[in-house]
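Provide a 3D model corresponding to the input given below.
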Amino acid sequence: MSHVLSCTRPRVVASLLTVFFSLATPSVEAYSRRGTIDVRWMEGSACFGLPAAELRRLKRVVKLESISVFDLERSSTVPVWLDEYPWSEPRPLDPDGCLLFGDAQGSAARKPLQPLRVGVPYEVVMKLERTKGTDPTMFHSARFCLRRQLDGETGLITLKHVGAKGWNTWACEHT
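Okay, here's the model as predicted:
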């Protein structure tokens, strides 16, 4: 019997320590919802903002910590453009405006490594300032590509996720 007690005592102590430390540490907030980005063609470039419905849902001044654009054909981990702002000075987003691709203004801003190419799928990711409260949204993203239009001009299409088929990147190939 004493053998059973000696085996369970360390488990009880470990459990009590776990409970104690979990109560003593600050709460951890989960940011699991990913919002969308409104991607449009403006002044001959891709432009990124939040949809009006998302801005209404957030009910606050939205502040940007970073924006990244990834060339999904080459690398989904190395951005072709990155603009970051210090956590102490996030950039307020104009609710009626958008950020032009390559318009770097943050402290760690880089110019685009290359211009956006027609027919290539891209992903844009915005990281917003964390909010206090119950909103789980910190990241917003969208996928898009540039397409040659019938008149020869360049345009932009937003890619959609189509159930089991995945992302409709095939739309980028029809230029």
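
For the residue nearest to the spatial centre of the chain, give me phi and psi.
Closest to where the C-alpha atoms of the chain average out (Cα atoms, centre = their mean) is residue 125, at 3.3 Å. As for residue 125, its main-chain torsions (degrees, to the nearest 10) stand at phi -130, psi 130.

Now do the same contact list for it.
Listed by Cβ atoms under 8 Å, 6 or more residues apart in numbering, the contact set of residue 125 reads 67-70, 139-141. C-beta: built from backbone N, CA, C; applies to glycine.

per-residue confidence at residue 138?
Per-residue confidence at residue 138 stands at 78 (pLDDT).

shouldn't it be in contact with residue 66?
No. Counting by Cβ atoms under 8 Å, residue 138 does not reach residue 66; the two are 10.9 Å apart.

Common neighbours of these two, please.
residue 127.

show me the contacts for the closest residue to residue 161 other than its chain neighbours.
Counting by Cβ to Cβ, 6 or more residues apart in numbering, residue 167 is the residue found nearest to residue 161 once chain neighbours are left out, at 5.6 Å. Neighbouring residues of residue 167 by Cβ under 8 Å, 6+ apart: 121, 143, 159-161.

quick one: which of these is nearest residue 88?
Set against residue 88, the nearest of the contacts of residue 167 by Cβ to Cβ is residue 143 (31.0 Å).

A strand includes the closest one, no?
Yes. Checked against DSSP: H, G, I helix; E, B strand; the rest coil, residue 143 lies within a strand.

For the chain, which segments are assigned as strands?
Applying DSSP state E to the chain gives strands spanning 33-36, 38-42, 45-49, 63-71, 79-84, 91-92, 99-100, 121-128, 137-148, 154-159.

What lies in contact with stretch 85-101?
Contacts for stretch 85-101 (Cβ under 8 Å, 6+ apart): 38, 40, 42-43, 45-50, 52, 55, 61-67, 69, 81, 83, 105-108, 112, 116, 128-129.

Among those residues, name the buried ones.
Neighbour counting with 16 or more other Cβ atoms under 10 Å marks 38, 45-50, 55, 62, 64-67, 69, 81, 83, 106, 112, 116, 128-129 as buried within these.

Who are the contact partners of residue 141?
For residue 141, the contacting residues are 34-37, 123-126, by Cβ under 8 Å, 6+ apart.
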